[in-house]
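> structure here, sequence nowhere to be found:
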């Protein structure tokens, strides 16, 4: 799992980029409920898609016999799920 730091780092940068993009697209002005709900739904979909893609990459690596990469991507998908879930709720509260 020597590549875990790189894999997680790249995925956290991707998470940061689409979190900022979602906030910019929704125009985070004011504290109205509809804006918070839109941010929450968009973040939920983005994080879910991201976790699904990273999980599929993990399974492909396991099937190819690259267990080191498979473990790294699997752990990264779990961490992205936990961090993304909290970012989703935190973004809605802002």
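That came through fine. For clarity, every value in this text was computed on a predicted model and none was experimentally measured.
> buried set for whatever helix or strand residue 9 lives in?
For residue 9, the element it lies in under DSSP states H and E is helix 4-26. Residues 4, 7-8, 11, 15, 18-19, 22, 26 are the ones in helix 4-26 that count as buried (16 or more other CB atoms under 10 Å). Just so you know, the C-beta spots here come from the backbone N, C-alpha and C atoms, and that holds for glycine as well.
> among these, which two are most distant?
4 and 26 (32.7 Å; CB to CB).
> on that earlier part again, the inter-axis angle of the helix or strand that the helix holding residue 9 is followed by versus helix 4-26?
Proceeding N to C from helix 4-26, the next assigned helix or strand is helix 33-64, under DSSP H and E. Interaxial angle, helix 33-64 versus helix 4-26 (axes from the mean of the first three to the mean of the last three CA atoms, to 10 degrees): 150 degrees.
> from the chain's centroid, how far away is helix 33-64?
In terms of CA atoms, centre = their mean, to the nearest Å, the centre of helix 33-64 is set 6 Å apart from its chain centre.
> which other helices and strands contact it?
Applying 3 or more CB pairs under 8 Å, 6 or more residues apart in numbering; DSSP states H and E, one finds that helix 33-64 makes contact with helix 4-26, helix 67-93.
> understood, closing this out.
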